[in-house]
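> Model the structure of this input:
(4 chains)
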2 protein chains.
Amino acid sequence: MAQTQEQRRAETRRRLLDAARTVVAERGVTGATVEAMAAAADRTSGAIYDHFDGKDGLIVALLDQWKDAATAATLDDLAHAQSPTERLRSVWANFAAPRSEDGDQWVLLEHELWLYACRQSDAHAAAAGRYAEIRARLAQGLGEGMLGDGSQPSPTDAEAAATLMIGLMVGLEMQRRLEPSAVPDRLAVLGLRALAAIEGLTGEAP
Amino acid sequence: MAQTQEQRRAETRRRLLDAARTVVAERGVTGATVEAMAAAADRTSGAIYDHFDGKDGLIVALLDQWKDAATAATLDDLAHAQSPTERLRSVWANFAAPRSEDGDQWVLLEHELWLYACRQSDAHAAAAGRYAEIRARLAQGLGEGMLGDGSQPSPTDAEAAATLMIGLMVGLEMQRRLEPSAVPDRLAVLGLRALAAIEGLTGEAP
DNA sequence: GTCTATAGATTGATAGAC
DNA sequence: GTCTATCAATCTATAGAC
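Numbering: from 1, shown residues only, chains lettered A, B, ... in the order given. Sure, this is the predicted structure:
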């Protein structure tokens, strides 16, 4: 079955993004050469200039994709869980290993793109948006009482608690990468539970 | 006042490390060229090869320095604080901005070196050691009841709580870099307090 | 112990064939 | 729309002057 030009173009774009994800995770943004990324996609460097107008364009596209992926992944199979603790376990599992194909490389990609966004002002918004997105999703779950102890926090409290939970997950993943035994899944879930249950986050100073 | 050869050598080494810290934070490990780092230290590339046997040697030395610095910085002015909350505020302040001269660049350096350590097996131990060191320090504070609500957690519980607290601080710093208003100091301290007060971390599963 | 000069290898990007 | 060929710039690392 022959492909149309449009299909082939779409496939090349997809392949380039997939390849870039892998190569950047392996060698870092600066270390990932145009040629290496093209080769990993079974294309040559010219394709990257045609589709993304060069290396920076490809990285920015990767960053956008990474931002959009956050939306889908955060609370995916949350509906299937029963208890709040069960749901927190699911949140952590989704965050700690969103997809098995990437193995443990996604963490490296996360930090590579974060660093890139910190330095490139035109990429800043996408990265900030990613975290804001996850935060909003998590806050929604907290607001509905799905993740906490049943009480209904105010919207601002839910946002604040979500910020803490995301922070905890990111930081635990970093430590786990260097020393897996230091961060068992159970510890992460207990930490999340404690943060989800905090009250008076946005009240007056203690 | 003339310097001895030894003094001059020591100064060059210090200058190279300082310069490397700045340049790596700015451009990343891969993006930091030997020449740029030498120039920032008012030396030329030859000095780096003499002192550190090349770029990788300099990065590893930087990583060791970074590891050792953790020991000193974590609980520095902790003794001066009064209440546990006051002490947590101090821990967060120390972690969030260990020294003002570095400005906000130290966070970038932290993640650059973490990524480097994840990829280079010979640097892995130093990075893991850094976090283990901070963890132990924090756990000690928790064990002595300085940071919690006064109760004395078991040593394993204290270690576990310290892991959570470090994770939270690292993850909050990442979010704050992209969106400062999302992570006020007060929120961080409240999160730390909640984690410091967790009980039964190493008991049986819930 | 540090510098200049330079070798040798790679890089991002472009031009033109197909 | 993708590939081959290639340029100019840049990088690490070395050799030798001082």
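> Only the buried residues of stretch A:33-52, if you could.
For stretch A:33-52, the neighbour count (16 or more other C-beta atoms under 10 Å in any protein chain shown) marks A:34, A:36-38, A:40-41, A:43, A:45, A:47-48, A:51-52 as buried. Heads up, the C-betas are built off the backbone N, CA and C, glycines and all.
> could you check whether that stretch is close to chain B?
No. Figure legend: stretch A:33-52 not in contact with chain B (C-beta under 8 Å from any C-beta of the partner chain); closest approach 10.6 Å.
> that older thread, out of the buried residues of stretch A:33-52, name the ones that lie in helices.
Judged by DSSP state H, the buried residues of stretch A:33-52 include A:34, A:36-38, A:40, A:45, A:47-48, A:51-52 as members of helices.
> circling back to that earlier point, and DNA strand D, which of the buried residues of stretch A:33-52 contact it?
Restricting these to those near DNA strand D by C-beta under 7 Å from any atom of the strand leaves A:38, A:43, A:45, A:47, A:51.
> Out of those residues, the closest to DNA strand C would be?
A:Ser45 (5.3 Å; C-beta to the nearest atom of the strand).
> hang on, the closest one packs against A:Val34?
Yes. Using C-beta atoms under 8 Å, A:Ser45 is in contact with A:Val34, at 4.8 Å.
> give me the element the nearest residue to A:Arg193 once chain neighbours are set aside is part of.
In space, and not counting its chain neighbours, A:Arg193 is closest to A:Leu88: 5.8 Å by C-beta to C-beta, 6 or more residues apart in numbering or on different chains. Assessed by DSSP states H and E, A:Leu88 sits inside helix A:84-96.
> What's the mean pLDDT across that helix?
For helix A:84-96, mean pLDDT is 88.
> where's it relative to the chain centroid, distance-wise?
Distance of helix A:84-96 from its chain centroid, counting by C-alpha atoms, centre = their mean, to the nearest Å, is 14 Å.
> Stretch A:115-129 now?
Averaging C-alpha positions (C-alpha atoms, centre = their mean) puts stretch A:115-129 14 Å from its chain's average.
> which outside residues touch that stretch?
Identification of contacts with stretch A:115-129 by C-beta atoms under 8 Å, 6 or more residues apart in numbering or on different chains yields A:29, A:56, A:59-60, A:63-64, A:66-67, A:113-114, B:26, B:28, B:108, B:111-112, B:115, B:177-179.
> if we can go back for a sec, please identify which of the buried residues of stretch A:33-52 is nearest to A:Ala136.
Checking the buried residues of stretch A:33-52 against A:Ala136 by C-beta to C-beta gives A:Phe52 as the nearest, at 28.6 Å.
> Which residues are in contact with the closest one?
Neighbours of A:Phe52 in contact, by C-beta under 8 Å, 6+ apart: A:16, A:58, A:60-61.
> Could you rerun that using 6 Å?
Counting by C-beta atoms under 6 Å, 6 or more residues apart in numbering or on different chains, A:Phe52 touches A:58, A:61.
> ok, now how distant is it from A:Arg87?
38 Å (C-beta to C-beta, to the nearest Å).
> and what of A:Ala196?
10 Å.
> who touches both of those two?
In contact with both A:Ala196 and A:Arg87: A:Leu147, using C-beta under 6 Å, 6+ apart.
> The two - which one has more neighbours?
A:Ala196 (26 against 23; other C-beta atoms under 10 Å in any protein chain shown).
> And what about the most centrally placed residue in chain A, helix, strand or coil?
Nearest to the mean C-alpha position of chain A, by C-alpha atoms, centre = their mean, lies A:Ala70 at 4.9 Å. Of the three states, A:Ala70 takes helix under DSSP: H, G, I helix; E, B strand; the rest coil.
> I'd guessed it sits against A:Ala132; true?
No. Using C-beta atoms under 6 Å, A:Ala70 is not in contact with A:Ala132, being 9.4 Å away.
> between whichever strand or helix holds A:Thr12 and helix A:45-52, how many degrees?
Assigned by DSSP H and E, A:Thr12 falls within helix A:5-27. Counting by axes from the mean of the first three to the mean of the last three C-alpha atoms, to 10 degrees, helix A:5-27 lies at 110 degrees to helix A:45-52.
> give me the low-pLDDT residue ranges for chain A?
Chain A contains residues with pLDDT under 70 at A:1-3, A:71-79, A:97-103, A:203-206.
> switch the cut-off to 50
Within chain A, the ranges that satisfy pLDDT under 50 run A:206.
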